[in-house]
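Engineer: coordinates only, sequence not included:
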């Protein structure tokens, strides 16, 4: 099992709108596609001078499934994030392997 994590750095001025958008638009849209499962949205508590950071984690079966999702849906959602929030909300993706 793999975890696909995106860390978002969000400016204070758009914080509330970002949370509404991520919960009501972004996550439901990804869930409809079906490749990424079990979303978990977490606030990152590490000290930051400005803004707030969030981690959005998904379970994904394989890197191949993730690659297909990225080509078919992820690129469009990243463009929507940029168009909606400009440089006020930036996402950094990481793929992780669960070690048990």
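Structural biologist: Yes, it's here. Computed from a predicted structure; not experimentally measured.

Engineer: In contact with residue 47, which residues?
Structural biologist: Residue 47 makes contact with no residue under the criterion C-beta atoms under 8 Å, 6 or more residues apart in numbering. For every residue, glycine as well, the C-beta is placed using N, CA and C.

Engineer: Would you map the strands across this protein?
Structural biologist: 2-10, 36-44, 52-60, 89-97 (DSSP state E).

Engineer: Output those strands in TSV, with distance to residue 23 appended to each entry.
Structural biologist: Listed next are the strands of the chain as TSV, based on distance: least, C-beta to C-beta, whole Å:
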stretch	distance to residue 23
strand 2-10	12
strand 36-44	7
strand 52-60	10
strand 89-97	14
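
Engineer: Tabulate those (a markdown table), appending distance to residue 16, mean pLDDT and mean neighbour count.
Structural biologist: Below are those laid out as a markdown table (distance: least, C-beta to C-beta, whole Å; pLDDT from 0 to 100; neighbours: other C-beta atoms under 10 Å):
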| stretch | distance to residue 16 | mean pLDDT | mean neighbour count |
| --- | --- | --- | --- |
| strand 2-10 | 10 | 97 | 18 |
| strand 36-44 | 13 | 97 | 13 |
| strand 52-60 | 11 | 96 | 18 |
| strand 89-97 | 12 | 95 | 13 |
